[in-house]
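**Student:** Sharing a model prediction with you, sequence too.
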2 protein chains.
Amino acid sequence: MVTDVEDSHAGIVSPELVVDALFACRKTAAIKAAIELDLFTHLGEGKTAALLASAMSASERGTRILCDYLVVHGFLTKKSGEYRMAPSTRMFLDRNSPAYMGSAVEFVAAPEVLDNFLRDPAAVVRNGGSAGLANLSADNPVWLKFARGMGSFTGLSAKILAGEISGWGKPPKKVLDIAAGPGVFGIEIAKVFPSAEIVAVDWAAVLELSRQNAERAGVADRYRTIAGNAFEVEWGTGYDLVLLPNFLHHFDMPTCAQLLRKIIASLAEDGRIVAVDFVPNEDQVSPPFPAAFSWEMLASTPAGQAYTQGELTEMAKLAGLAAVIVKPMPPTPASVIVFA
Amino acid sequence: MVTDVEDSHAGIVSPELVVDALFACRKTAAIKAAIELDLFTHLGEGKTAALLASAMSASERGTRILCDYLVVHGFLTKKSGEYRMAPSTRMFLDRNSPAYMGSAVEFVAAPEVLDNFLRDPAAVVRNGGSAGLANLSADNPVWLKFARGMGSFTGLSAKILAGEISGWGKPPKKVLDIAAGPGVFGIEIAKVFPSAEIVAVDWAAVLELSRQNAERAGVADRYRTIAGNAFEVEWGTGYDLVLLPNFLHHFDMPTCAQLLRKIIASLAEDGRIVAVDFVPNEDQVSPPFPAAFSWEMLASTPAGQAYTQGELTEMAKLAGLAAVIVKPMPPTPASVIVFA
């Protein structure tokens, strides 16, 4: 029981962290409900539970209880029965904000993704990886959810990456975007280099979306797609730039090295390989998001993880390359990794 | 995209809260894995991932990644590759601690409980309650998990309640413990009042455990059980004290009032009804745990919630009672509610 022990340490120890973790799924459920009901957009400048419920075609009781929960967790404020958005909520969860990231819930809280974690997390630790292929099975429909939902998470790093590469001098003409997903990385490169041709590789269903996004960005005439498994498809040669956005973390080091060797064989002279990924410090426990990301991969892939700079260097050497340059891309938790 | 907007507000807004909520299920999965593997108890005074993995018969890679995640979230520290428990972790998650609360994971993160929240949380808000009876179906086996897992959560409030009642003067002789669960409330009363007879009501499977706990506490000779639905079973009359620990929050107000009327009819002269529950302030958004608890009930019951003192007073009046006295029981998030 909590009793005596806690009293004798007066404030030094508290069950708060444990209780937060035990109940944390409730928070995901609440934010998922709110995003799916588009609660924040409906809330606008502020509403009572009754008005908000009516706007969302939801029960007033359910709306009031969800809103109160969102107040407890800092997403809303409540005054005289009227709820309002906290500044970060307005920025990231109101659909009218250019920084809206609510669509991420479709992937991050997809039933099959949550199942990777919650079905039997102890087994994941015992095995040292997911039971079966999890997210890595062929044509897994979860990647369409990724492509639809995660552009808001990866969009900023794509812009930063394109800016970075634009400073390199000689513009790339032929660009391979491996595991393109929503396509944002290749598309930003296409926007920065008006003569670049992008070849995007991903599962067929995902590429339909990448192509739509390329059209929307006005670069469709320079956008080609190749559907299939990145380890198996023929993508030709002569690439000045090969992008590996958020891809290496799905595989073990020999598999990554094997992919790098395949890429090397398709490079033009002076061609470059550039990955975007979450790179923890060598202590593997900082910064928070990149360090925590290995748990993400432990549960959703058989052998993936977030690689440190030391491990990326080892990976490069395994592939016959000399070194890697890692450069963080604040304010995103991602880094650009140049294989040299 | 996060980009410009975040830059222009430099630090005022951050996606941290949103990202934390979106990914929160990962935290529940990690703590569930760690508790099920008894990671904290195995860790003892500190171990490397290799030694800890061997002690848990788990993969070293899986163990290292889980431990790093637990460092990121404040449960462990890491130094020279050796992990150690933070003080709160040692207090609440090491099985050797008298304050161990790891067993709560069996109920709080039970698949069927998580499913109440995660299957379709938006529907819960639209409906204003769970789809179907959820936790309230007859003989629902989830209550055995509750009884097994939640003694560590409710044990302290049971001790505080018994201490409170011991100051009331005339000792109760016949005590009814409704929805006894692990039995801690009735058992603590039995320990404080050596001539009190306890009658515990709950589902049959749960009462087996309550009875075992009564035996362990040395009060089995004064412990009787009645299996069944509290709204339907005959429990007789002449009760000096009726306990309603963590029960009212499962039902709507008319149902609670109906139960109170049934209880009133079974009281001895000067008999008292005492509930233990989470009582939010009238603003319904503080203190955090009681206020957040209504979301717990929204998802897992058709019409339950945490009641404020004002609502409890209304409930008492509906049942023909005059008033309620509410008294918080720090450091627990629960309050004692005396119906007068």
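**Tutor:** Thanks, I have it.
**Student:** Just name the shakiest helix or strand of chain A by mean pLDDT.
**Tutor:** helix A:3-9 (a mean of 39; mean pLDDT, DSSP states H and E).
**Student:** Mind listing residues that contact the helix or strand that comes right after it?
**Tutor:** Using DSSP states H and E, the helix or strand that follows helix A:3-9 towards the C-terminus is helix A:16-22. Here helix A:16-22 makes contact (Cβ atoms under 8 Å, 6 or more residues apart in numbering or on different chains) with B:27-28, B:30-31, B:73-75, B:86, B:88-89, B:92-93, B:101, B:104-105, B:108-109, B:289. Where you see a C-beta, it was placed from the backbone N, CA and C, and this is true even at glycine.
**Student:** ok, of the residues you listed, which come out buried?
**Tutor:** The neighbour count (16 or more other Cβ atoms under 10 Å in any protein chain shown) marks B:27-28, B:30-31, B:73, B:75, B:86, B:88-89, B:92-93, B:101, B:104-105, B:108-109, B:289 as buried among the contacts of helix A:16-22.
**Student:** Close to chain A as well: tell me which of those residues qualify.
**Tutor:** Restricting those to those touching chain A (Cβ under 8 Å from any Cβ of the partner chain) yields B:27-28, B:30-31, B:73, B:75, B:86, B:88-89, B:92-93, B:101, B:104-105, B:108-109, B:289.
**Student:** for the stretch 51-200 of chain A, what spans make up the strands?
**Tutor:** Applying DSSP state E, counting those that start in this stretch to the stretch 51-200 of chain A gives strands spanning A:76-79, A:82-85, A:174-178, A:197-202.
**Student:** From chain B, how far out is the closest residue to residue A:103 other than its chain neighbours?
**Tutor:** Nearest in space to residue A:103, with sequence neighbours left out and distances taken as Cβ to Cβ, 6 or more residues apart in numbering or on different chains, is residue A:149 at 4.6 Å. Distance from residue A:149 to chain B, counting by Cβ to the nearest Cβ, to the nearest Å: 10 Å.
**Student:** doesn't residue A:113 make contact with residue A:149?
**Tutor:** No. Between residue A:149 and residue A:113 there is no contact under Cβ atoms under 8 Å: 10.3 Å.
**Student:** residues shared between the contacts of those two?
**Tutor:** Residues touching both residue A:149 and residue A:113 (Cβ under 8 Å, 6+ apart) are residue A:107.
**Student:** need the residues of the stretch 101-250 of chain A near chain B, please.
**Tutor:** Residues of the stretch 101-250 of chain A found near chain B, taking Cβ under 8 Å from any Cβ as the criterion, are A:101, A:104-105, A:108-109, A:111, A:114, A:117-119, A:121-122, A:124-129, A:152, A:155-156, A:159.
**Student:** what residues are up against residue A:136?
**Tutor:** Going by Cβ under 8 Å, 6+ apart, residue A:136 touches A:250, A:301, A:302.
**Student:** got it, and residue A:207?
**Tutor:** Applying Cβ under 8 Å, 6+ apart to residue A:207 gives the contacts A:180, A:200, A:225, A:227.
**Student:** which residues does residue A:185 contact?
**Tutor:** With Cβ under 8 Å, 6+ apart, residue A:185 has these contacts: A:154, A:158, A:161, A:162, A:177, A:243, A:245, A:276.
**Student:** number of nearby residues for the residue nearest to the first one when sequence neighbours are not counted?
**Tutor:** Taking Cβ to Cβ, 6+ apart as the measure, residue A:154 lies nearest to residue A:184, with 5.6 Å between them; neighbours along the chain are not counted. Residue A:184: 28 surrounding residues under other Cβ atoms under 10 Å in any protein chain shown.
**Student:** Span of stretch A:319-326 from start to end?
**Tutor:** Terminal residues of stretch A:319-326 are spaced 17 Å apart (Cα to Cα, to the nearest Å).
**Student:** quick one: buried residues of that stretch?
**Tutor:** Buried, per 16+ other Cβ under 10 Å, within stretch A:319-326: A:319, A:321, A:324, A:326.
**Student:** returning to what we had before: which of the contacts of residue A:185 sits closest to residue B:236?
**Tutor:** Closest to residue B:236 out of these is residue A:154 (65.7 Å), distances taken as Cβ to Cβ.
**Student:** If you tally nearby residues, what's the number for that closest one?
**Tutor:** For residue A:154, the count of nearby residues is 23 (other Cβ under 10 Å).
**Student:** Next one: it from residue A:200, what distance?
**Tutor:** 14 Å (Cβ to Cβ, to the nearest Å).
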